[in-house]
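Enquirer: Output the structure for:
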Amino acid sequence: MVEEHKIRQAFKDRDWNEIKSSNSWVIFKVMSEFVEGFEKLAKIGPCVSIFGSARTLSTHKYYKMAEEIAAKLVRHGYGVITGGGPGIMEAGNKGARDAGGKSVGLNIILPFEQEGNIYIDPDKLITFDYFFVRKVMFVKYAQGFIVMPGGFGTLDELFEAITLIQTKKIGRFPIVLVGKNYWGGLFDWVKDVMLKQEKNISPEDLDLVKLVDDPTEAVREIDDFYSKYLLSPNF
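Expert: Coordinates of the predicted model:
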């Protein structure tokens, strides 16, 4: 099995030539992904990243909401960035394209589940091997995050963004969670256990995210955040 082979390889002693040969290839591959990402995304202008499950069907209410949010964002002057795959990502790209806006897809090579969707602008599709490079692009080139219901990957993107803002490694930007029924229990636990019981975060950390229930609220949170700084999507 491939998984068993990888586990065994982690415990295998390797000589320096093997290590150097393997690591050199990885370093250059990572560099090439950063270069391509920086070159293409530096030109896209203000965008909002939309995250969510790749498994959400086109008939699901959250798919429809993501599509509507993306269209509204375009009408408010933003482009849309997604992970480039199916489900919520497809909905975001579809809404952006149908509204005449920029539709960016940061696809990831996986052994299952994901291929680039058909609603991405052809010149704005980038495919990555490495999750960490892809995550840098999401944060570096987005003016906000819209987080729809999703799985472990969605949680990964969400909490990485919160951590980077909390530790002041990046400037603050709006993080909007859509679906109070989906996200409410998680953030009740964050408030009751992480904050009140264990004191592992500060009260102000809870202000880094907003929970909403409809597309209009979601886009308003993005607009309201930047209006405080007298900025518009054309900055």
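Enquirer: Assign the closest residue to L73 other than its chain neighbours to helix, strand or coil.
Expert: Spatially, and ignoring its direct neighbours in sequence, L73 is nearest to V48 (5.2 Å; CB to CB, 6 or more residues apart in numbering). Backbone N, C-alpha and C define where each C-beta goes, glycine included. Here V48 takes the strand state, with states given by DSSP: H, G, I helix; E, B strand; the rest coil.
Enquirer: packing partners for the top helix by length along the chain?
Expert: Using DSSP state H, we find that the single longest helix of the chain is helix 16-41. Under the contact criterion of 3 or more CB pairs under 8 Å, 6 or more residues apart in numbering; DSSP states H and E, helix 16-41 touches strand 125-128, helix 131-140.
Enquirer: Just give me how far that helix sits from the chain centre.
Expert: The chain centroid and the centroid of helix 16-41 are separated by 22 Å under CA atoms, centre = their mean, to the nearest Å.
Enquirer: same thing with stretch 172-191?
Expert: On CA atoms, centre = their mean, the centre of stretch 172-191 falls 15 Å from the chain's centre.
Enquirer: Check stretch 125-136 too.
Expert: 11 Å.
Enquirer: before we move on, the earlier item: ok, the residue nearest to L73 - contacts?
Expert: Contact analysis of V48 by CB atoms under 8 Å, 6 or more residues apart in numbering lists L73, Y78, G79, V80, I81, A142, Q143, G144, F145, I146, I222.
Enquirer: how about the strands of the protein, start to end?
Expert: Using DSSP state E, the strands of the chain run over residues 47-51, 79-82, 103-108, 125-128, 145-147, 175-178, 209-212.
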